[in-house]
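S.K.: can't give you the sequence, but here's the structure:
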């Protein structure tokens, strides 16, 4: 088991093979400050090397999931002593964080209540499974501030498709959980926080029936589908299939099926 980092803007709760990452700046509407982004990056880096954790839930303390990037940090970038290269690097680090969440080998669940705005919506779109309250609020408001949703855009396109992403990014559209479901940003709706937690518990149970290594390889193939051509993707999938079938999980899964019992990873 990998040691998780010490954090001040996050609360990390481990329950067996599942980790809940709480965004914990409720007084600031869980805005993604530079400190929170650094702690998220460190947490995700630790998770990527820890096969004992099979799933990760991201959620927010207080009244909302996340209000987006902390505008105080954006304001600090406008000081006369800040170079353009510094701003470029700031944006690159944000993109690297979203990419790291997107490519985690574990199953990731985004549990959204209150609101997910701007960078908060970007984080949501980097998850595998999104469960949202029906009255949750969503928006990409960056262009209303004179900036693009630069590092967020690819993940919104990945979730909602190009046409819908254009509309909601270029108009700063605000929408609720029902519209998020229709757009494909949310996978499931709940009426309240209790409903969110019940839906998440069902996801946990389902994930624990799946082999963690096979899930990780499957996720890698799915993410590669948008960037590899046919032959390269077939090779990646074939190699992943062989790796899993010949590995401990594949042998155990086939044996369990033939012996009419649960595999060892099922809890």
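M.R.: Ah, there it is. Every value quoted in this text rests on a predicted model; they were computed, and no experiment measured them.

S.K.: residue 53 contacts residue 18, correct?
M.R.: Yes - using C-beta atoms under 8 Å, residue 53 is in contact with residue 18, at 7.0 Å. Placement of C-beta: from N, CA and C, glycine included.

S.K.: more neighbours: these two, which one.
M.R.: residue 53 (23 against 20; other C-beta atoms under 10 Å).

S.K.: by mean pLDDT, point me to the weakest helix or strand of the chain.
M.R.: The helix or strand of the chain with the lowest confidence, counting by mean pLDDT, DSSP states H and E, is helix 71-76 at a mean of 86.

S.K.: now do that one: distance to the chain's middle.
M.R.: Distance of helix 71-76 from its chain centroid, counting by C-alpha atoms, centre = their mean, to the nearest Å, is 24 Å.

S.K.: list the buried residues in it.
M.R.: Neighbour counts over helix 71-76 (16 or more other C-beta atoms under 10 Å) mark residue 73 as buried.

S.K.: neighbouring contacts of it?
M.R.: 31, 33-34, 82, 90, 145, 147 (C-beta atoms under 8 Å, 6 or more residues apart in numbering).

S.K.: also stretch 31-46?
M.R.: The contact list for stretch 31-46 (C-beta under 8 Å, 6+ apart) reads 2-5, 7-10, 12, 21, 23, 25, 66-73, 93-94, 96-97, 100-101, 104, 119-120, 123.

S.K.: in helices, which of those residues appear?
M.R.: 71-73, 93-94, 96-97, 100-101, 119-120, 123 (DSSP state H).

S.K.: from those, which would you call buried?
M.R.: Buried members of the ones in helices among the contacts of stretch 31-46, scored by 16+ other C-beta under 10 Å, are 73, 94, 97, 100-101, 119-120, 123.

S.K.: using a markdown table, please lay out these together with distance to residue 38.
M.R.: Listed next are these as a markdown table, based on distance: C-beta to C-beta, whole Å:
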| residue | distance to residue 38 |
| --- | --- |
| 73 | 11 |
| 94 | 11 |
| 97 | 9 |
| 100 | 12 |
| 101 | 14 |
| 119 | 14 |
| 120 | 17 |
| 123 | 15 |
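
S.K.: any stretches of this protein with poor pLDDT?
M.R.: Applying pLDDT under 70 to the chain flags residues 1, 267.

S.K.: tell me who's in contact with the residue lying closest to residue 95 once chain neighbours are set aside.
M.R.: Closest residue in space to residue 95, ignoring its immediate chain neighbours: residue 151 at 3.6 Å, by C-beta to C-beta, 6 or more residues apart in numbering. Shown in contact with residue 151 (C-beta under 8 Å, 6+ apart): 91-92, 94-95, 98, 122.

S.K.: over to residue 138?
M.R.: By C-beta under 8 Å, 6+ apart, residue 138 lies in contact with 115-117, 121, 124, 174-177, 179-180, 185.

S.K.: mind redoing it with 7 Å?
M.R.: 116, 121, 175, 180, 185 (C-beta atoms under 7 Å, 6 or more residues apart in numbering).

S.K.: surely the residue nearest to residue 95 is in a helix?
M.R.: No - Residue 151 is assigned coil when assessed by DSSP: H, G, I helix; E, B strand; the rest coil, not a helix.
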